[in-house]
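Make a model of this:
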Amino acid sequence: MSLNVTHRHIEVFRAVMTAGSVTGAAGLLHTSQPTISRELARLEHLLAYALFERAHGRLKPTARGLALFEEVQRSYQGLDRIHQRAVQLGRSDQAELSLLCLPTLCHALMPGACKSFFAQHANARLSLVPQESPLLEEWMSGQRFDLGLTEQSHAAPGTTLQPLLSWDEVCVLPTGHPLLKRRRLQPADFEGQPFISLAADDSYRQQLDRLFAEHGVQRQLRLETHSANAVCAMVGEGLGLAIVNPLTALMSLKDGLQLRRLSVSVPFQVNALLPQFRPAQALVPDMLGCLRAQISALEASLQSALGPNKP
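Numbers count the residues shown, from 1 in each chain. You can find the predicted model right below:
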């Protein structure tokens with residue numbers, strides 16, 4: 001039975017519900033009243049139940065008619081969105097860039113880069129989605145985004161990789177800590193110190209654990225979290241010291257924390273992932289330029305915060 005219900009039947013039903021009468025529906029659809037009445041009657045026959053109660057020449061929707069109209073409206077709202085999107089795609093000033101990046105980069109790198117990007121493309125649209133690895137790389141392999149930002153050093157399948165940033169992890173200390181007298185900290189300086197770590201499955205946590213084990217340093221490991229932002233917040237409360245990525249560390253300066261170099265290099269990098277099989281997006285090169293400019297500005301701020309590279 002449902003196969004005999006056509007889009008025209010639904011169109012007529014919606015017009016009657018919207019206009020409130022057969023006459024109004026005929027005007028909306030630019031057709032005659034008899035045609036509307038005939039199509040509406042045909043629809044009710046196919047459904048085997050009434051959509052309207054008829055009294056004194058007026059139509060009043062039944063409970064089933066109201067329920068069906070809710071479903072029809074949801075369908076038409078989706079069609080309206082498709083229409084709006086189709087119109088946007090035809091406008092040169094409505095270009096949209098979809099970008100996937102690590103949550104840390106959403107907070108620490110993207111705001112400044114986005115500001116520069118919109119200064120160049122005031123009418124462009126940007127979709128910024130945070131995601132952790134390895135889902136980030138999996139989604140980029142699926143060609144779902146125009147640009148991805150990752151800390152991984154290898155290109156995911158179906159992508160190419162462009163280096164953006166290569167710095168070292170830095171030490172984060174609360175204001176007034178005795179170790180701030182030194183411009184560069186040795187692993188031995190952390191002996192016996194309360195230390196706030198990232199979660200055990202984090203690759204940077206694992207590198208740091210190996211580093212301190214190699215130097216025979218025993219820290220007080222009483223607190224761990226998945227978020228570098230949370231690590232810095234804990235340091236700000238005087239709960240311990242930490243070593244985190246330099247972008248998040250820079251953000252912690254506004255909370256009164258202090259940064260110091262670590263004498264041993266723990267590399268931190270950010271790379272761009274570009275999909276190989278997704279249609280090229282013309283805005284990608286400009287966004288990459290904005291990212292590189294923002295990275296240069298942040299590097300200058302980082303060097304200023306760290307001070308001279310000496311013990």
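
from here on, contacts and neighbour counts on C-alpha atoms
Fine.

Name the residues of the helix or strand harbouring residue 298 that come out as buried.
Remark: residue 298 resides in helix 284-306, with elements defined by DSSP states H and E. Neighbour counts over helix 284-306 (16 or more other C-alpha atoms under 10 Å) mark 284, 287-288, 290-292, 294-295, 298-299, 302, 305-306 as buried.

for stretch 122-130, same thing?
For stretch 122-130, the neighbour count (16+ other C-alpha under 10 Å) marks 128, 130 as buried.

Next: stretch 147-161.
Applying 16+ other C-alpha under 10 Å to stretch 147-161 flags 147, 148, 149, 150, 151, 152, 155, 156, 158, 159, 161 as buried.

Pick out the residue nearest the middle of this protein.
residue 129 (1.3 Å; C-alpha atoms, centre = their mean).

And for the residue nearest to that one when sequence neighbours are not counted, the neighbour number?
Nearest non-adjacent residue to residue 129, counting by C-alpha to C-alpha, 6 or more residues apart in numbering: residue 100, 4.9 Å away. Neighbourhood size, residue 100 [other C-alpha atoms under 10 Å]: 26.

and residue 100, what element?
Per DSSP H and E, the secondary structure element for residue 100 is strand 96-101.

So what are the structural domains in this protein, by residue number?
Following automatic domain parsing, one gets these domains for the chain: 2-89, 93-163+270-303, 170-265.

and the lengthiest helix in the chain, average pLDDT?
Scanning the chain for the longest helix, with DSSP state H as the assignment, gives helix 63-89. The average pLDDT for helix 63-89 rounds to 80.

how far out from the middle of the chain is it?
27 Å (C-alpha atoms, centre = their mean, to the nearest Å).

what about the residue sitting furthest away from the middle of the chain, distance to residue 7?
No residue in the chain sits farther from the centre than residue 56, which is 56.7 Å out by C-alpha atoms, centre = their mean. Distance, residue 56 to residue 7, by C-alpha to C-alpha, to the nearest Å: 29 Å.

Ok, residue 14 next?
Taken as C-alpha to C-alpha, the span from residue 14 to residue 7 is 10 Å.

So if I had to pick from those two, which one is more boxed in?
residue 14 (19 against 9).

burial count for the residue nearest to the more buried one when sequence neighbours are not counted?
Among residues not flanking residue 14 along the chain, residue 69 sits closest, at 6.9 Å (C-alpha to C-alpha, 6+ apart). Residues lying near residue 69 (other C-alpha under 10 Å) number 19.

same thing with residue 42?
The number of residues packed near residue 42 is 15, by other C-alpha under 10 Å.

residue contacts, it?
Taking C-alpha atoms under 8 Å, 6 or more residues apart in numbering, we find residue 42 in contact with residue 9.

how close does it get to residue 96?
The spacing between residue 42 and residue 96, counted by C-alpha to C-alpha, is 45 Å.

How about residue 12?
36 Å.

The two: which has the busier surroundings?
Higher neighbour count among residue 12 and residue 96: residue 12, with 23 against 18, using other C-alpha under 10 Å.

Can you tell me how far the closest residue to residue 171 other than its chain neighbours is from residue 41?
Computed as C-alpha to C-alpha, 6+ apart, the closest residue to residue 171 that is not its neighbour in sequence is residue 243, at 4.4 Å. Distance of residue 243 to residue 41, given as C-alpha to C-alpha: 74 Å.

And for residue 64?
In terms of C-alpha to C-alpha, residue 64 sits 15 Å off from residue 41.

Which one's more surrounded, the two?
Between residue 64 and residue 41, residue 41 has the larger neighbour count (other C-alpha under 10 Å), namely 17 against 12.

what helix or strand is the more buried one on?
helix 33-47.

I'd say residue 271 and residue 164 touch.
Yes. Counting by C-alpha atoms under 8 Å, residue 164 is a contact partner of residue 271 at 5.1 Å.
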